[in-house]
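1. build the 3D model from these lines:
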Amino acid sequence: MEKNYLLMIHIVKYKFMNKLLKQIISITLVTFVLLSCKNKNNNSDKIDKSFDKKKDTNIINKVKNNDTLEKILEEQIKSGKSALYNNSFDITTYKFGPKDLEITIPLLSRYYKGLDNKKFGEKINEIFGRTINFNSNSKYLYINFDNKEDRKYKFYRNDNSIEVRPYSIFAIKGKNFITQLYAIPEILNYKDKYPKIAEYENKMRLNRKDSSGVPIKIFRWKDDKNISIQNNLKTFIARNKYLFDDDKSQLDWLLENDEEFMEVLISTFSYYKDKKHKNWYDSRE
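-> Residues are numbered from 1 along each chain as shown. As a prediction, this is how the structure comes out:
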């Protein structure tokens with residue numbers, strides 16, 4: 001009798017502890033989910049939204065030849081933004097190409113949703129005098145702001161600090177927005193998202209020699225204080241909203257912060273829709 005009584009006590013204690021353990025696990029899981037949601041909501045209103053590698057893996061995993069965002073970023077960082085050649089003048093150290101443009105398209109598409117094909121095509125023709133063939137194999141249209149008749153792709157950043165190059169943009173088919181060619185560090189906070197690459201940049205050798213033995217000094221992306229991811233993304237959004245959504249609230253920002261773009265719209269393409277834009281342009285002549 002006594003043995004049966006003790007056995008019943010052990011069974012009751014086991015069931016109680018098992019139930020208690022399940023409750024603790026459930027409370028812990030709920031707390032974790034609530035904290036995660038809170039953190040996500042706190043960051044959701046930032047223009048430079050954090051890049052979630054796991055979330056966006058499917059859309060930017062590969063461009064071609066197994067080029068991933070991380071791989072291309074690593075190449076850009078290792079080459080540096082530019083270099084001082086033989087203590088004399090600055091030179092470029094990285095050759096941009098189609099992969100560098102294409103890897104940024106999914107990043108930028110998170111900040112602006114384009115028009116449908118028909119309306120976007122009409123706008124591109126109205127503004128730049130170009131016709132988009134949505135049935136062709138080309139992924140984008142090259143627009144040279146120095147020569148509107150030029151059709152040959154050139155993959156240069158709009159940075160003439162080293163040598164004069166044509167100012168240009170690309171009209172992206174499918175996503176239906178315009179963008180200039182950005183290096184990844186210009187639109188993504190890679191230091192937080194790719195700490196190993198950032199750590200390499202901190203320690204990488206800056207004084208090197210080219211194939212001829214001439215000394216060069218690398219300038220790192222991290223050291224360029226003029227780069228503002230926030231401003232680059234704001235400008236990208238403002239251009240598209242103003243030109244394609246007729247959002248006139250973007251005009252003041254563009255006239256103050258995107259002068260070359262707004263000037264060439266009139267000087268090369270004779271395009272303006274707002275008298276304030278035209279008056280601003282005339283006052284600069």
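2. now the strands for the stretch 101-250 of the chain?
-> 140-144, 168-172, 177-179, 207-209, 215-219 (DSSP state E, counting those that start in this stretch).
3. show me what the third one is packed up against.
-> The one in question is strand 177-179. helix 105-108, strand 168-172, helix 229-244 (3 or more Cβ pairs under 8 Å, 6 or more residues apart in numbering; DSSP states H and E). Yep, even glycine has a C-beta here, placed from its N, CA and C like the rest.
4. can you say which of the strands of the stretch 101-250 of the chain is nearest to residue 195?
-> strand 215-219 (20.4 Å; Cβ to Cβ).
5. in the closest one, which residues are buried?
-> For strand 215-219, a neighbour-count test (16 or more other Cβ atoms under 10 Å) marks 216, 218, 219 as buried.
6. quick revisit: dump the helices and strands packed on strand 177-179 to TSV, plus distance to residue 74 and mean neighbour count.
-> What follows is those, written out as TSV (distance: least, Cβ to Cβ, whole Å; neighbours: other Cβ atoms under 10 Å):
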stretch	distance to residue 74	mean neighbour count
helix 105-108	16	18
strand 168-172	23	21
helix 229-244	18	19
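7. residue ranges with poor pLDDT in the stretch 51-200 of the chain?
-> Applying pLDDT under 70 to the stretch 51-200 of the chain flags residues 51-66, 160-164.
8. which parts of it are helices?
-> Ranges of helices in the stretch 51-200 of the chain, per DSSP state H, counting those that start in this stretch, are 57-60, 69-79, 98-102, 105-108, 117-128, 190-193, 195-203.
9. out of these, which gets nearest to residue 282?
-> helix 117-128 (19.5 Å).
10. what helices or strands is the closest one leaning on?
-> Checking 3+ Cβ pairs under 8 Å, 6+ apart, helix 117-128 ends up next to strand 168-172, helix 229-244.
11. mind doing that once more with 10 Å?
-> If contacts are counted by 3 or more Cβ pairs under 10 Å, 6 or more residues apart in numbering; DSSP states H and E, helix 117-128 sits against strand 140-144, strand 168-172, strand 177-179, helix 229-244.
12. CA-only coordinates of that helix, as PDB, when you get a sec.
-> Provided in PDB are the C-alpha atoms of helix 117-128 (Å, rounded to 0.1, in the frame of the first residue of the first chain):
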ATOM      1  CA  ASN A 117       5.700  48.800 -68.800                       C
ATOM      2  CA  LYS A 118       3.400  50.900 -71.000                       C
ATOM      3  CA  LYS A 119       3.600  54.000 -68.800                       C
ATOM      4  CA  PHE A 120       7.300  53.700 -68.100                       C
ATOM      5  CA  GLY A 121       8.000  53.300 -71.800                       C
ATOM      6  CA  GLU A 122       6.000  56.400 -72.600                       C
ATOM      7  CA  LYS A 123       7.800  58.400 -69.900                       C
ATOM      8  CA  ILE A 124      11.300  57.400 -71.100                       C
ATOM      9  CA  ASN A 125      10.400  58.400 -74.600                       C
ATOM     10  CA  GLU A 126       8.900  61.700 -73.500                       C
ATOM     11  CA  ILE A 127      11.800  62.600 -71.200                       C
ATOM     12  CA  PHE A 128      14.900  61.100 -73.000                       C
END
